[in-house]
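J.: Structure for this input, please:
(chains A, B and C, ligands or ions: 1)
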Amino acid sequence: MNKKDINNIEKEMKLANEGLSEKERTLFSDARPTPVKPLNKYLEKFLNWARAESLWILAFGTGCGAIELRPLMTSRFDMFRYGIAPRPTPRQASVFVIGGYASIKTIKRIVRSYEQMQGPKFVIALGSCTINGGMYYDSYYTINRIDHYIPVDIYVAGCMPRPEALIAGFNKLKMQIKAGKCDGMNKYAENFDWYKENQKRVIKDWNMPDYNW
Amino acid sequence: MEQILNRLKQKIEIKSVINKRADLYFITIKKEHIELVLSHLKQQENFTHLAFLQAVDYIEDDKFQLTYMLYNYDIKVNLGIKVFIDRDKSEMTSIHKLWPHAWQYQRELKELFGIDFPGSPRVDESFVLEGWEEIPPMRRDFDTLAYSVKTFYQRPGRTTNDPKRYMKEKLYKNFAKSPESGRNDE
Amino acid sequence: MNITTKILYAIISVLVATAYGLTLGGIVRKIYARVHGRYGPPVWQPFIDILQTHGKRVSISHGYMFYLGPVFRLAGGLGTYLFIPVIFGSVVFSNFSMAGDLLLVMYFIFFGQLGMALGAGEGGHPYSPIGISRGLAQMSTFEVPFALSVIALAIQYNTLNITTIVAAQQGSILNWTLFTNPLAVVAAMISLLGMNMHSPFSIVLAPQEIPIGPPIEMNSSFLATLQTNRGLFGAAKLVLFMNLYFGGAAHPNIFIALAIMVVKTFLIYMFSVFVGAAFPRFRPEQSMRFFLKWPTIIGIASIILVAYF
Ligand code: SF4
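T.: Reported below is the predicted structural model:
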């Protein structure tokens, strides 16, 4: 391969950021996400334990399910005893709870927040709306399957699931993380083009960078 | 209330008056009179509160019906003012000069029904739908299911039950009559 | 004693202090939970949180200052801690207290915040400058009563050396500054409320309006560094207050001395926790007015009292 080819390939690997204006394009990163290899076996196991025992959920309520997260913090259900705590910014959160139906306006923000979270990051999808559209399956503005837009680790079915079900979902997530099965971030990086294509199919006015770091 | 309507009748023609409850009236008027009627009601008759402005699509008659819901805090009466406008050239006078917050309703109607309100502030900005490319989705000739199937990914294996039949089969099997038998409004 | 052992001892003492500070945080969370009628997170939750944030696979930086912000903050914490004798008369826990005095320690308390301000400012998130301006403004104001109280101490004991101040308080409980100069202690304790940023003065982190303020863009290891510092710096502040006002911790047996230290600092910390649990938050200008009013007057009164009576 000569130098020109390599240059071309490198250019293709860069994201186009077509949604941004010429001036804004320089302000945003055009690198695509790359999969990150796990560390060696035992260290990774130890870190997975730590990740599982300290889940920081992003305080972003989408859909009806956001209302189910509030009781979780109160004395009755007390999620803190499982090491689950809310976190106000995506930079510091590690779990994203999609609470029910996601309209296209919301999925735009979901994608953006999800990409801003630092990996390894986990997604819990709450309610039948996220699984197959639920009662909004024929709606013109809510997506049907969230897993076509971002990778999902755990589904909690129901309309609306009770907080107990949510806690069960969290505990299931913990088990999966400890088993090292939650690799949504790498999955997202590997199938990046597919996810982007799906996202762009519904988000018609794409006016943000293609990948928000 | 009678006097209010009579005073109104002297000014313009009222097509119909419906008295639903002691505190809920609906009147239907002509499209051209809307500004006159609303400003009269607001300034002379003290209907100071515009509760909502919404539309119904009567596709069979080729008409949109707009309802302006007013409230009078003195006599505690709701008054709905209905106007019919053509579906094809759906345009209406903006009332944002009377109630400034009406611009938000009008923006919503513009987006969801395609009813234009010339002169209303920010009426062309998107309200909830961002980047919508089809016909306005609340018009009844828009097929939401087809659009959903076309745009979103259906999960195979999803089934839909008719709630009425399903409840009857599962929950009320032992009842001779279904729970709705006592109701005569259907 | 040669420098290698000295450094070894310093490392031990820093580790102990960090662990103690973090555990203290965990205990307080547990107490809060119990007050709410909850079970609450385990006491060691802060440690797991640090591991978790350190264990992130990727992190985002916004430039050199962004890197240096948390580092400065940790340096501020370390600096504060390393020039305070934790246990009076102990070799392992005396740190480098012979090398620096109270003024240096006060400088280090401010230093970390300044570094953090520069670093967080580069994050570019609009909420962090808001948090920073609030934080620095509040800090300059609570520094006033604290400085006044320190001046009162300096006049009283004729020195700025912390070890000497602790030594002067030994013997009987009545020798504590708490009893010999109560006004200075009151002023300093009020400024401790501001330093700990518990409830009435929690405008800096304010999770509800400016989501956690300055560290909003900090992620992964940056955040972990800040968390570590929170443990260390928290412990350092408490130890400093214990030394200056509550007679320090001294006992021939190192473990008993440590236990004394733990009890005293815990009580000092609980003071600000209780105040925090009981009072709602001040607005920024209220908090600044407050510090410049009563605590400052009390501080000046304490100086006058010591100097002329
Ligand atoms: S599943 Fe039910 S409760 Fe959940 S978002 Fe959908 S409609 Fe709302």
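
J.: Would you mind identifying the helix or strand in chain B with the lowest mean pLDDT?
T.: Least confident helix or strand of chain B, by mean pLDDT, DSSP states H and E, is helix B:163-170 with a mean of 79.

J.: can that helix be found next to the ligand?
T.: No - Helix B:163-170 lies out of reach of the ligand by Cβ under 6 Å from any ligand atom, never closer than 13.9 Å. Any C-beta I mention is one placed from the backbone N, CA and C, and that applies to glycine too.

J.: Show me what counts as buried in that helix.
T.: Counting neighbours by 16 or more other Cβ atoms under 10 Å in any protein chain shown, one finds that helix B:163-170 has no buried residues.

J.: Please state the offset of that helix from the chain centre?
T.: Centroid separation between helix B:163-170 and its chain, computed with Cα atoms, centre = their mean, to the nearest Å, is 31 Å.

J.: Just the CA trace of it, in PDB.
T.: Extracted C-alpha coordinates of helix B:163-170, given in PDB (Å, rounded to 0.1, in the frame of the first residue of the first chain):
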ATOM      1  CA  PRO B 163     -58.700  -4.800  25.400                       C
ATOM      2  CA  LYS B 164     -62.400  -5.100  25.500                       C
ATOM      3  CA  ARG B 165     -62.600  -8.700  24.200                       C
ATOM      4  CA  TYR B 166     -59.500  -9.700  26.200                       C
ATOM      5  CA  MET B 167     -60.900  -8.500  29.500                       C
ATOM      6  CA  LYS B 168     -64.100 -10.200  28.900                       C
ATOM      7  CA  GLU B 169     -62.500 -13.500  28.100                       C
ATOM      8  CA  LYS B 170     -59.900 -13.400  30.900                       C
END
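
J.: And the residue of chain B that's closest to the ligand?
T.: For chain B and the ligand, the shortest gap (Cβ to the nearest ligand atom) falls at B:R158, measuring 12.7 Å.

J.: So that residue is in contact with A:D138, correct?
T.: No - counting by Cβ atoms under 8 Å, B:R158 sits too far from A:D138 to count as a contact (10.9 Å).

J.: Pull the number of nearby residues for the closest residue to chain C within chain B.
T.: Closest residue of chain B to chain C, Cβ to the nearest Cβ: B:E130 (22.9 Å). B:E130: 16 surrounding residues under other Cβ atoms under 10 Å in any protein chain shown.

J.: Checking it next. Helix, strand or coil?
T.: coil (DSSP: H, G, I helix; E, B strand; the rest coil).

J.: Thought A:D205 was touching it, still the case?
T.: Yes - counting by Cβ under 8 Å, B:E130 does reach A:D205; the two are 5.2 Å apart.

J.: which phi and psi does B:D57 have?
T.: Main-chain torsions, B:D57, degrees, to the nearest 10: phi -100, psi 110.

J.: which stretches of chain C form helices?
T.: Using DSSP state H, the helices found in chain C span residues C:3-36, C:45-54, C:64-82, C:102-122, C:127-157, C:162-168, C:177-180, C:182-196, C:220-245, C:254-278, C:284-292, C:294-308.

J.: just chain A next, same as before
T.: Using DSSP H, helices in chain A cover A:3-13, A:22-25, A:41-53, A:66-73, A:104-116, A:128-132, A:163-178, A:184-190, A:192-202.

J.: Tell me who's in contact with B:F47.
T.: If a contact means Cβ atoms under 8 Å, 6 or more residues apart in numbering or on different chains, then B:F47 has B:L41, B:L70, B:Y71, B:N72, B:L79 as its contacts.

J.: Which ones among those lie within helices?
T.: B:L41.

J.: Out of the contacts of B:F47, which two sit at the greatest distance?
T.: Farthest pair in the contacts of B:F47 (Cβ to Cβ) is B:L41 and B:Y71. Separation: 10.5 Å.

J.: Chain B contacts on chain A?
T.: Taking Cβ under 8 Å from any Cβ of the partner chain as the criterion, the neighbours of chain B within chain A are A:103-105, A:108, A:131-133, A:137-141, A:143-145, A:148, A:198, A:201-206.

J.: Quick check: nearest residue in space to C:L258, chain neighbours excluded?
T.: Leaving aside its sequence neighbours, C:L258 sits nearest to C:I87 (Cβ to Cβ, 6 or more residues apart in numbering or on different chains; 6.8 Å).

J.: which secondary structure element contains B:L53?
T.: Per DSSP states H and E, B:L53 falls inside strand B:49-58.

J.: and that strand, what other elements does it pack with?
T.: strand B:63-72, helix B:102-112 (3 or more Cβ pairs under 8 Å, 6 or more residues apart in numbering or on different chains; DSSP states H and E).

J.: Check the gap between B:P163 and A:T26 for me.
T.: Computed with Cβ to Cβ, to the nearest Å, the distance linking B:P163 and A:T26 is 55 Å.

J.: Could I get the phi/psi values of B:K20?
T.: Dihedral angles for B:K20 - degrees, to the nearest 10 - are phi -80, psi -50.

J.: if I pick it, what's in contact with it?
T.: For B:K20, the contact set (Cβ under 8 Å, 6+ apart) comprises B:F26.

J.: Equivalent analysis for C:A75, please.
T.: So C:A75 contacts C:F111, C:G112, C:G115 (Cβ under 8 Å, 6+ apart).

J.: Filter the residues of chain A next to chain B down to the buried ones.
T.: Here, 16+ other Cβ under 10 Å leaves A:103-105, A:108, A:131-133, A:137-141, A:143-145, A:148, A:198, A:202-203, A:206 buried among the residues of chain A next to chain B.

J.: Which single residue of chain A approaches the ligand most closely?
T.: A:G100 (2.2 Å).

J.: And for that residue, the neighbour number?
T.: 27.

J.: The most centrally placed residue in chain C: what's it in contact with?
T.: Most central in chain C under Cα atoms, centre = their mean is C:K237, positioned 3.1 Å from the mean C-alpha point. Each residue near C:K237 by Cβ under 8 Å, 6+ apart is listed here: C:T80, C:I109, C:L192, C:M195, C:N196.

J.: Considering only helices and strands, which part of chain A has the lowest mean pLDDT?
T.: helix A:3-13 (a mean of 61).

J.: Between the two ends of stretch C:79-91, what distance do you get?
T.: 18 Å (Cα to Cα, to the nearest Å).

J.: Could you do stretch A:52-68 as well?
T.: 21 Å.

J.: chain center to that stretch, what's the gap?
T.: 12 Å.

J.: For it, buried residues please.
T.: A:52-66, A:68.

J.: List the residues that contact the residue nearest the centre of chain A.
T.: Nearest to the mean C-alpha position of chain A, by Cα atoms, centre = their mean, lies A:Y114 at 4.2 Å. A:Y114 makes contact with A:P90, A:F96, A:K121, A:V123, A:I150, according to Cβ under 8 Å, 6+ apart.

J.: if you set the cut-off to 6 Å instead, what comes out?
T.: Applying Cβ atoms under 6 Å, 6 or more residues apart in numbering or on different chains, we find A:Y114 in contact with A:F96, A:I150.

J.: same check, this time on C:S128
T.: C:A120, C:P214, C:I216.

J.: Let me know the closest of the residues you listed to chain B.
T.: Looking across the contacts of C:S128 and measuring by Cβ to the nearest Cβ, the closest to chain B is C:I216, at 26.0 Å.

J.: Okay, that closest one and C:G124: tell me how far apart.
T.: In terms of Cβ to Cβ, C:I216 sits 10 Å off from C:G124.

J.: Compare those two (neighbour count), which wins?
T.: C:I216 (22 against 12).

J.: any idea how far the more buried one lies from C:I7?
T.: From C:I216 to C:I7 the distance is 36 Å (Cβ to Cβ).

J.: Now do the contacts for the residue in chain B that chain A sits nearest to.
T.: Sorted by distance to chain A under Cβ to the nearest Cβ, the residues of chain B start with B:G131, at 3.0 Å. By Cβ under 6 Å, 6+ apart, the contact list for B:G131 reads A:K204, A:D205.
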